[in-house]
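K.L.:
Please work out how this folds:
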Amino acid sequence: MDLPEDVKKRLSEGVCLICCENVVACMSRDIPRSLNVPIDLEIDREGGEVVLRHIIRDDPENPLTVEYSINKKFVETVSEKGGEVVVYFLDENFKEEISMRIKIDKEDLKLIRREIGLGS
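P.N.:
Residues are numbered from 1 along each chain as shown. I've put the predicted structure just below:
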């Protein structure tokens, strides 16, 4: 994965950031055990930002949470791509460990668009 330098500078262990259209980069030693698992979505406001959380239910006792702040450009691109977000899990050298495609359904996408100020 070819990351922009500004993303590399801000990325550290346990941090997920949006970059490159509908892509989220996460630096984490904790990666999904399986890609074919249920994923829940939470939308929250923290400070002045809108935050998305994908709760990956790969382990019922300890689900993996991918959390990141979003902006209008990211939401517009995800909308254009049919609600698809691609999450790359990277090691400390920015090497891809695994990638996961997450589909956000239409109703959740409408809610996200309203929260970020794009209407539905």
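K.L.:
mind listing the helices for the chain?
P.N.:
5-10, 72-80, 106-116 (DSSP state H).
K.L.:
any idea what sits nearest the residue most central in space within the chain, other than its immediate chain neighbours?
P.N.:
Nearest residue to the geometric centre of the chain (CA atoms, centre = their mean): V24, 4.7 Å. For V24, ignoring the flanking residues on the chain, the nearest one in space by CB to CB, 6 or more residues apart in numbering is V87 at 4.7 Å. Any C-beta I mention is one placed from the backbone N, CA and C, and that applies to glycine too.
K.L.:
pretty sure the one you found is touching V66, no?
P.N.:
Yes: V87 is in contact with V66 according to CB atoms under 8 Å; the separation is 5.7 Å.
K.L.:
residues shared between the contacts of these two?
P.N.:
C16, V24, C26, H54 (CB atoms under 8 Å, 6 or more residues apart in numbering).
K.L.:
what sits against the last one?
P.N.:
Contacts for H54 were tallied using CB under 8 Å, 6+ apart; they are I39, D40, L41, T65, V66, E67, V85, V87, I102.
K.L.:
pretty sure the fourth one contacts V51?
P.N.:
Read that as T65. No: using CB under 8 Å as the test, T65 is too far from V51 to be in contact (11.0 Å).
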